[in-house]
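[1] my questions are about this predicted structure, shown below with the sequence.
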Amino acid sequence: MNASPGRPLEFDPDAALDAAMQVFWRNGYENTSMQDLLEVMQISKSSLYQAFGGKQALFERCMTHYGDEMIGSLREALQASPSGLGFIRQFLESVLDEARGVCEARGCLVLNTANEFARRNPQIAKAVSQGLNRFHEVLLAAVERAQQEGEIPPERNASMLATYLVSSMSGLKTLSKAGVGEDTLRGIIGLTLKALQ
């Protein structure tokens, strides 16, 4: 029998989900304990299970939440950008904020998870694949726009270039987390952009 199915939750599920996402993003899945989650979410263990279904189910929700936030921001940035190639440059150069210490060098939650253990867990692997596909879709739209604007040759395979950009960002994020300096990252970004043309 379900306990009080109509009873309203005594916490904000969105705020709790965001708090959980931040700690998973910072520590990774396996280095995040239930106690860590309960502390940052400020809820009881029973509330966590009732609202989110346990640690892995919560993590999958966090992956979706992260993707929603990131993809929403990227789509807005692409729409606001004066050019497709300008957006791609902005996308790649966002990693420089980490190198400068403007923001914490946590990498990307989706890519971090892929590196951590995605292949050992089919459900997490599926969540990672969905996250990468969503990034690919935005970058594909940017590449196609840049082709229409004459900044990338129209005969280039747009889907392959978008995959290349996902791969490039993965490498840049990894190097940034490892402490590689801004000048080196800028050089790699320059080479990446040159490869598109």
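    Received the coordinates, thanks.

[2] which stretches of this protein have low pLDDT?
    1-9, 99-106, 118 (pLDDT under 70).

[3] was I right about residue 87 contacting residue 73?
    No. In this structure residue 87 lies outside contact range of residue 73 using CB atoms under 8 Å: 11.8 Å. Placement of C-beta: from N, CA and C, glycine included.

[4] with neighbour numbers in mind, choose between the two.
    residue 87 (23 against 12; other CB atoms under 10 Å).

[5] what does the closest residue to that one other than its chain neighbours show for phi and psi?
    With CB to CB, 6 or more residues apart in numbering as the criterion, residue 87 has its nearest non-adjacent residue at 3.8 Å, and that residue is residue 81. The phi/psi pair for residue 81 (degrees, to the nearest 10) reads phi -70, psi 140.

[6] kindly report the same for residue 108.
    Phi and psi for residue 108, reported as degrees, to the nearest 10, are phi -110, psi 130.

[7] give me the neighbour count for the nearest residue to residue 16 once chain neighbours are set aside.
    Excluding the flanking residues, the one nearest residue 16 by CB to CB, 6+ apart is residue 41, at 4.2 Å. Residue 41: 23 surrounding residues under other CB under 10 Å.

[8] what separates the closest residue to residue 10 other than its chain neighbours from residue 62, distance-wise?
    Spatial nearest neighbour of residue 10, excluding adjacent residues (CB to CB, 6+ apart): residue 47 at 7.5 Å. Distance of residue 47 to residue 62, given as CB to CB, to the nearest Å: 16 Å.

[9] would you put the C-alpha positions of the one helix or strand the residue nearest to residue 10 maps to in CSV?
    For residue 47, the host element (DSSP states H and E) is helix 45-52. Only the C-alpha atoms of helix 45-52 are listed here, as CSV (Å, rounded to 0.1, in the frame of the first residue of the first chain):
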residue,chain,number,x,y,z
LYS,A,45,16.3,8.9,2.8
SER,A,46,12.7,7.8,2.6
SER,A,47,11.8,11.1,0.8
LEU,A,48,14.6,10.5,-1.7
TYR,A,49,13.3,7.0,-2.5
GLN,A,50,9.7,8.2,-2.6
ALA,A,51,10.4,11.1,-4.9
PHE,A,52,13.3,9.8,-7.0
